[in-house]
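Colleague: Give me a model of this one.
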Amino acid sequence: MGNLQNSYRYERKYKLNVSEYEILVHDMLSEGMKVHHPTRFINNIYFDSLNFDAYFENVEGESERNKYRLRWYGDRFNTIRPIFEVKMKKDQVNKKLSLKIPEIEFRSFNDVENVSNHILNYMEGEESTLFFEMMNKIPTLLNGYKRDYFLSKDGETRLTIDRNLFFYNCRNNQEYNQSEIMVVEVKYASNVTPKINFDKFKLVLGKNSKYVSGIDYTKLK
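Modeller: Predicted structure coming up:
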């Protein structure tokens with residue numbers, strides 16, 4: 001069985017111009033935040049129905065919805081050791097189911113279908129519930145970005161900064177690089193009041209789904 005996050009948490013997302021990166025990091029460190037993990041590259045493949053149900057549920061603001069993705073770290077094209085994740089959103093909070101997938105070669109975008117079949121074959125034997133959920137889903141978007149990790153002084157709140165955003169549409173092979181925008185995420189348990197100086201950091205709450213943005217950036221006009 002996959003690893004299920006026991007409790008819901010808030011995941012607040014904010015969009016800033018990348019020109020504000022140095023100032024933001026300086027302000028966070030001056031407020032007592034610390035680096036929580038070395039900077040690393042993150043890659044994801046998102047899965048959706050043929051009708052893009054997950055995309056439209058997000059756009060329309062459905063209060064309960066799931067997001068399905070495969071995640072790995074480091075080089076995009078490599079022998080990858082991915083983790084399959086189901087992000088479960090309920091109103092304003094989220095929790096996550098994670099499942100480690102056996103390693104597989106991912107050498108080019110042409111390997112997306114092979115990776116998808118690899119996941120299904122593994123789930124069929126190990127995670128039958130997820131297997132049936134994934135049977136009607138296809139890979140729709142690959143994205144990648146560089147992530148910095150920070151932790152609040154009290155250790156209760158995580159903040160990440162994502163830059164150098166890349167998107168590849170698995171359906172039409174369109175690519176898009178977004179180097180002007182960075183996405184900041186603030187994550188904390190549902191019973192925690194974050195001790196974050198939102199005003200000083202210029203964080204204004206908004207909808208900033210990388211999946212929705214990626215589909216919008218790469219859809220054919």
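Colleague: Scan the helices and strands of this protein for the one with the lowest mean pLDDT.
Modeller: Lowest by mean pLDDT, DSSP states H and E among the helices and strands of the chain is strand 3-4, with a mean of 64.
Colleague: which is the next helix or strand following that one?
Modeller: Sequence-wise, the next helix or strand downstream of strand 3-4 (DSSP states H and E) is strand 9-17.
Colleague: quick one: contacts of that following strand?
Modeller: Outside strand 9-17, the residues within contact range by C-beta atoms under 8 Å, 6 or more residues apart in numbering are 24, 92-95, 180-190, 202-209. (C-beta placed from N, C-alpha, C; glycine too.)
Colleague: give me the number of residues near D75?
Modeller: Residues lying near D75 (other C-beta atoms under 10 Å) number 12.
Colleague: What separation do you get for it and K87?
Modeller: Distance, D75 to K87, using C-beta to C-beta, to the nearest Å: 24 Å.
Colleague: In a helix, L203, correct?
Modeller: No: L203: not assigned to a helix; according to DSSP: H, G, I helix; E, B strand; the rest coil it is coil.
Colleague: For the spatially closest residue to it that is not a sequence neighbour, name its beta-bridge partners.
Modeller: Leaving aside its sequence neighbours, L203 sits nearest to Y14 (C-beta to C-beta, 6 or more residues apart in numbering; 4.4 Å). Note on Y14: beta-bridge partners by DSSP bridges are V184.
Colleague: For Y14, report the pLDDT, please.
Modeller: The model reports Y14 with a pLDDT of 93.
Colleague: same deal with P194?
Modeller: On the pLDDT scale, P194 gets 89.
Colleague: what secondary structure does it sit in?
Modeller: With three-state DSSP as the basis, P194 sits in coil.
Colleague: residues contacting it?
Modeller: Each residue near P194 by C-beta under 8 Å, 6+ apart is listed here: S152, E156, T157, V186, Y188.
Colleague: I'd like to know how far it sits from L159.
Modeller: The gap separating P194 from L159 is 9 Å, by C-beta to C-beta.
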